[in-house]
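Peer 1: sequence first, predicted coordinates after that:
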Amino acid sequence: MILSQHTATVENPAPRDPWGPVLRGPVRREDKHMRHYEAVIIFDTAVEPQAIQASLDRALGVINDTEGTTGDIDRWGRRPFAYEVKHKREGYYVIVSFTGEPVTVAAIDRFLGLADEVLRHKIIRIPDAAIAAKSA
């Protein structure tokens, strides 16, 4: 049996793998809805303060590179943990408020998860009602 070469035309579309993903182009929204977030970052206290500042600067750079905007940066300093985290008893807390899209949150979450000097982090979306009440 001789198999003929398959060419894609309008009448005869290219074969599609039934188990493969359906690839579509990027979805772009015309109205960019920036949401407000707060990131709580806990740094390892064994790391030098210059390394903590450098990591924080890189994190802020990730936010700015993904079209987000940074807001207030609140440094709480060294605080003891209620229980050990990665065999540490205390951490250096930093709260960063920023606005961005889901792409921004995914990028900063990935960066903080891979950073060696970060013990834990949590990103929280601030409800719109809280933002309205704060600005009023």
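Peer 2: Okay, I see it.
Peer 1: now do stretch 99-111, average pLDDT.
Peer 2: For stretch 99-111, the mean pLDDT works out to 95.
Peer 1: which residues touch that stretch?
Peer 2: The contact list for stretch 99-111 (CB atoms under 8 Å, 6 or more residues apart in numbering) reads 32-37, 39, 58-59, 62-63, 65-69, 71, 98, 121, 123, 125. (Glycine included, C-beta is placed from N, CA and C.)
Peer 1: if we use 7 Å, what do you get?
Peer 2: Contact with stretch 99-111 is made by 32, 34-37, 39, 59, 62-63, 66-69, 71, 123, as judged by CB atoms under 7 Å, 6 or more residues apart in numbering.
Peer 1: ranges for the helices of the protein?
Peer 2: Ranges of helices within the chain are 49-65, 102-114, 128-135, based on DSSP state H.
Peer 1: the inter-axis angle of the second one versus helix 49-65?
Peer 2: Compare the direction of helix 102-114 with that of helix 49-65 by axes from the mean of the first three to the mean of the last three CA atoms, to 10 degrees and you get 160 degrees.
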